[in-house]
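>>> this one's structure only:
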């Protein structure tokens, strides 16, 4: 017989709403103290290499924000959908498609010198991601097909399309047969934001999208309707909120943001099209969305944390000879701890009361 | 003869939840063969007490004695071993399984062996509740499903049978049949705990009654010697309120349904067939019917939650609205209070203010693409005040309100939009007596102001009290509306069992004189 | 005719991991729990199976270890989704992401290791019979195990009391609780079984199908298995049929290449994923059948209100 049980709170706990991501983050870091010794590394050194070293220089801080940009961008888009119970899991594929669309434009305009090339690429990227997300949206509204599975299948397809292009049609003829496209022209690259770092204008774009996302979800009527649809579909129907419209909006917003992030990567640190244009940002952004509580401030902080995990993984590989896969491990662990800590928002622990008068069974 | 040992004796039973004391020092005694009513309005603590007796919930204090011996009922299996059977209010049946499978699940493994289907056939026909063991439950009517629940208990030779609000889903004729079965069981020595808030039924059936109010026992009596008024006084501590009901003056037709035929979305639902109905300004039309006869589908088709192919089948003020969604119909002047408060009429996790925006957004609550937060809060605040909703304010979360208060808020939200047509589905279900009276009065006031009102309800008493004309829905068909004063519960009861549909239905016996149920 | 037998063998072999994983997930979902972590559990089963097979020299020990590893990791999901009442979709996703990371992490030292995998059956006399020999007796032992699993699952669900209780829990956990069944415990068991099957599926891939370990070698099969359960409308025989269908599609890409076609490899690799989408769309259209067959409480957390 359980002596401790979970009892529903009369009202959700505001304290835990904010505390649980912090608890989850702390617990994840604590896991490091268990993991590193298990791999034969001094935990203090490992902690330093993982969490401190990557950001102890200006360049490092620039990298932190550079990686956080696509994460917060995608997570904002995904959050809108998740609030509406639209589960877009295919952001990675939409990111890839955005890169393809924007990159394709960059290659087509390779010899054009114009200030309009870059904005056009960004728009193309957003449209590319949006179009890829339209497929699961259409399949869900027209065929009732689960968008989790369809959007995910399309991730594999998008990666294969990219592979096809960089191996074949778009391969750089002077690239020594490596699967890569030509390097982009200067006019197709995002301008640098901070001297001495790789941080580019994409960071500003990301922040702007986060702000716009907040305005949309919290202040606009359309955002309200999406929240209703996610919390109580029958109430949404009762209010006349169209379910197909919600699905479309949820998917397309996520797709556009992911596509924008994708073109931001190739117009930024990568500078060309490669077989892989993302170290799994599309999936990491899902975690960022959750850890960030689906709201903008949380998402910004969570994306910085996730970015640190990425950098830490790279640093660990360099300085500790640890595998880079340790990043994925931490990411999954973070989400687990968040979900576990979240229970305390709606429930609390109670010792089960004992029956006052003992009775003979 | 010495005093018989009580079959069941509760002493000082107490159960406390974080937000409410559900049971407070309850004493209850049931003799062998006695039909004992537990009477109280919604929220009085009846369900919790039954769950304690059946072992689903453990009391925080108090003693239970079974046939003189103290017992601890740790779980339902233990309760069944003692000989306690429970027929739940919201059936605990599994729709995609057969009758035999459903019954097997509730029996202890030992009893479930052998030729169960044969035993089901035997016991069910013996008690006048015939069942086909191989039928899937989702094909069965609500009344038939209750039979499964009862037979499931009977197969375990119960010594105490708990019936939790059994008649809310039955026609008056089916109620009489149930009473026969219960009287027979009682004659065989089985005790029955009969939970209800229906005073006339209790007076017709039960030997003793224990009255609960606010978690405490406020009295015990012999209901056969009491009047409905005296029982009501024990139940609510005052007199049953009666709404003022002046003569109606109906005017132009506002809502016209002309030949509505619609297949149900739900494979377990009921399809509608050629429904015709007109509701005029300044009248209240009621639709009576046992739940599961098409009310859900009809409400969805009228509110706009489900659109119809032929736009002209439903018209609002002469405008064809069949193809319009709920929001578009609201724009034309329709208001709708749905059957489910939480999850449909209101979003449980949102505040009352946010819930105001759900349907009242046309009341100046939105400017351009953005929400006017101040206007929203003000609308909510004014609704709370006007309808005396007991809540912490516009920022109170919908889920934290009691059923009655949330219903008052929803009704108020809709009425304050000055609709031309109001549809209300089960408006006082699960609502305490005070709030129920307030809501019924609000509907009558609405009618007097010239609004066309349609009420769908399972409570005949309520319909007779409030409506000017009454229609009946059964098996997806509508028996046309007739003036209330020209009909009675018996006729409506006959219609509810579908007598107007098929020819050659078995003739139902008239309601026995010993317990006639009349209007009001 | 030998090529026909070969084709059948290859198709069954390719479909077998899907049979294992999908049957396991079917049982989990029948109890009302949606566990999206199949991909992660399969990867963990694959890497642990391979490691143990390499270290111990016994591939069968590896299979066993992989099975348990999948079950163990499914318990993380169970605690968070069942006891702590977290959103099942998010928790399943977390499990998949975690499984990808964990498996890549612990499998690092084993990437170029070679082991003795599990060979297909070769029964003297029987396996050498023309046509029939290979067709009936030439499969990997695990393929036969998958047949047994199918029969066992079907029997369990349709004929045993325990299976009836499981179905009831998935249909209406509150009713089952009201009658007195331990809903959460039953769901834990269902998740455990699903995890074990996923682990078995992964171990089969790394120890029998292609005895090797590579990061991400499950390549989305876990997700395809999830889709399979949906378009089998939760019926075991349809799951098996669908699994072999997909095995065939996966095979097609190699066959087409082997025939010397000039279609770029990427198009062929896309086939299984595109096929999944198409079939999912076709099946999901029939909302009524889905409603009648899907466990009604699928994905909803259960908390006894008392």
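The structure has been received and is ready for your questions. This one's a predicted model, so the numbers in the text were calculated from it and none came from an experiment.
>>> Look up the closest residue to residue 200, ignoring the ones flanking it.
All of this is about chain A. residue A:190 (4.0 Å; CB to CB, 6 or more residues apart in numbering or on different chains). C-beta here means a position set from N, CA and C on the backbone, and glycine is covered the same way.
>>> was after chain C, sorry
residue C:67 is the one closest to residue C:200 (CB to CB, 6+ apart), at 4.4 Å.
>>> Figure out the helix or strand that that neighbour lives in.
helix C:59-78 (DSSP states H and E).
>>> which parts of that helix are buried?
C:59-60, C:62-74, C:76-78 (16 or more other CB atoms under 10 Å in any protein chain shown).
>>> could you give me the average pLDDT of stretch C:40-55?
Average pLDDT, stretch C:40-55: 94.
>>> go on, stretch B:294-310?
92.
>>> before we move on, what about stretch B:493-512?
Stretch B:493-512 comes out at a mean pLDDT of 52.
>>> Any idea how many residues pack against the closest residue to residue B:131 other than its chain neighbours?
Spatially, and ignoring its direct neighbours in sequence, residue B:131 is nearest to residue B:124 (4.1 Å; CB to CB, 6+ apart). Residue B:124 has 23 neighbours, counted by other CB atoms under 10 Å in any protein chain shown.
>>> all helices of the stretch 201-350 of chain B, in order?
For the stretch 201-350 of chain B, the helices defined by DSSP state H, counting those that start in this stretch occupy B:228-236, B:295-303, B:326-331.
>>> which of those helices sits most buried?
helix B:295-303 (a mean of 23; mean count of other CB atoms under 10 Å in any protein chain shown).
>>> Now do that helix: which elements does it pack against?
Contact analysis of helix B:295-303 by 3 or more CB pairs under 8 Å, 6 or more residues apart in numbering or on different chains; DSSP states H and E lists strand B:253-262, strand B:272-280, strand B:334-337, strand B:421-425, strand B:452-457 as its packing neighbours.
>>> Put together TSV for those, with mean neighbour count and mean pLDDT on each row.
Shown next, in TSV, are the helices and strands packed on helix B:295-303 (neighbours: other CB atoms under 10 Å in any protein chain shown; pLDDT from 0 to 100):
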stretch	mean neighbour count	mean pLDDT
strand B:253-262	19	92
strand B:272-280	20	93
strand B:334-337	25	96
strand B:421-425	26	96
strand B:452-457	26	94
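>>> Can you lay out those as a markdown table showing distance to chain A?
What follows is the helices and strands packed on helix B:295-303, written out as a markdown table (distance: least, CB to the nearest CB, whole Å):
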| stretch | distance to chain A |
| --- | --- |
| strand B:253-262 | 16 |
| strand B:272-280 | 18 |
| strand B:334-337 | 7 |
| strand B:421-425 | 11 |
| strand B:452-457 | 15 |
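>>> quick one: the residue nearest to residue B:131 and chain C, what's the gap?
Using CB to the nearest CB, to the nearest Å, residue B:124 is found at 19 Å from chain C.
>>> next structured bit after the host helix or strand of that residue?
In the assignment (DSSP H and E), residue B:124 maps to helix B:116-126. Sequence order places helix B:142-154 as the next helix or strand after helix B:116-126, per DSSP H and E.
>>> picking up where we left off before, quick check: the residue nearest to residue A:200 is in a strand.
No: Residue A:190: not assigned to a strand; according to DSSP: H, G, I helix; E, B strand; the rest coil it is coil.
>>> pretty sure it is touching residue A:269, no?
No: between residue A:190 and residue A:269 there is no contact under CB atoms under 8 Å: 9.1 Å.
>>> Overlap in contacts, these two.
Common neighbours of residue A:190 and residue A:269, counting by CB atoms under 8 Å, 6 or more residues apart in numbering or on different chains, are residue A:200.
>>> More neighbours: which of those two?
Comparing residue A:190 with residue A:269 by other CB under 10 Å, the one with more neighbours is residue A:190, at 25 against 18.
>>> ok, the residue of chain B found nearest chain A - contacts?
Closest contact between chain B and chain A, by CB to the nearest CB, is at residue B:327 (2.5 Å). Contact analysis of residue B:327 by CB under 8 Å, 6+ apart lists A:239, A:240, A:241, B:304.
>>> now do residue C:15
Neighbours of residue C:15 in contact, by CB under 8 Å, 6+ apart: C:240, C:243, C:244, C:245, C:246, C:247, C:248.
>>> what about the spatially closest residue to it that is not a sequence neighbour, neighbour count?
Excluding its sequence neighbours, the residue lying closest to residue C:15 (CB to CB, 6+ apart) is residue C:247, at 2.8 Å. Neighbours of residue C:247 under the rule other CB under 10 Å: 21.
>>> which stretch of helix or strand covers residue C:247?
Per DSSP H and E: helix C:236-258 holds residue C:247.
>>> Show me the contact partners of that helix.
Residues contacting helix C:236-258 (CB under 8 Å, 6+ apart): C:7, C:10-16, C:18-19, C:22-23, C:26, C:150, C:153-154, C:157, C:224-225, C:228-229, C:231-232, C:263, C:265, C:268-269, C:271-272, C:275-276, C:279.
>>> Check which residues of that helix are buried.
C:236, C:238-240, C:242-253.
>>> Also stretch A:172-182?
A:172, A:179, A:180, A:181, A:182.
>>> how much space is there between the last one and residue A:104?
In other words, residue A:182. Separation of residue A:182 from residue A:104 (CB to CB, to the nearest Å) stands at 12 Å.
>>> surely residue A:194 meets residue A:63?
No: contact criterion CB under 8 Å: residue A:194 and residue A:63 do not qualify, at 11.0 Å.
>>> how about low-confidence regions in the chain?
Reading this off chain A. A:1-4, A:10, A:352-361 (pLDDT under 70).
>>> think we crossed wires, I meant chain B
If you take pLDDT under 70 as the line, chain B has these spans: B:1-2, B:19, B:111-112, B:238-248, B:502-520.
>>> Which segments of it make up each domain?
B:8-236, B:243-333+B:419-520, B:343-417 (automatic domain parsing).
>>> Pipe those into CSV and attach distance to residue C:135 per row.
CSV is the format used below for these (distance: least, CB to CB, whole Å):
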stretch, distance to residue C:135
domain B:8-236, 38
domain B:243-333+B:419-520, 41
domain B:343-417, 55
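>>> Out of the ones you listed, which gets nearest to residue C:112?
domain B:8-236 (51.3 Å; CB to CB).
>>> List the buried residues in stretch B:85-92.
Applying 16+ other CB under 10 Å to stretch B:85-92 flags B:85, B:86, B:87, B:88, B:89, B:91, B:92 as buried.
>>> Strands of chain A, start to end?
A:4-8, A:347-351 (DSSP state E).
>>> which residue does the stretch 51-200 of chain A bring closest to chain B?
residue A:83 (11.6 Å).
>>> Can you tell me the closest non-neighbouring residue to that residue?
residue A:230 is the one closest to residue A:83 (CB to CB, 6+ apart), at 4.8 Å.
>>> Wait, that neighbour touches residue A:87, no?
No: look at residue A:230 against residue A:87 with CB under 8 Å: they stay out of range, at 10.3 Å.
>>> higher neighbour count, these two?
Taking other CB under 10 Å, residue A:230 and residue A:87 do not tie; residue A:87 has more neighbours (25 against 21).
>>> Tell me how far that one lies from chain C.
6 Å.
>>> Grab the nearest non-local neighbour of that residue.
residue A:148 (4.8 Å).
>>> How about the contacts made by that neighbour?
Counting by CB under 8 Å, 6+ apart, residue A:148 makes contact with A:87, A:89, C:36, C:89.
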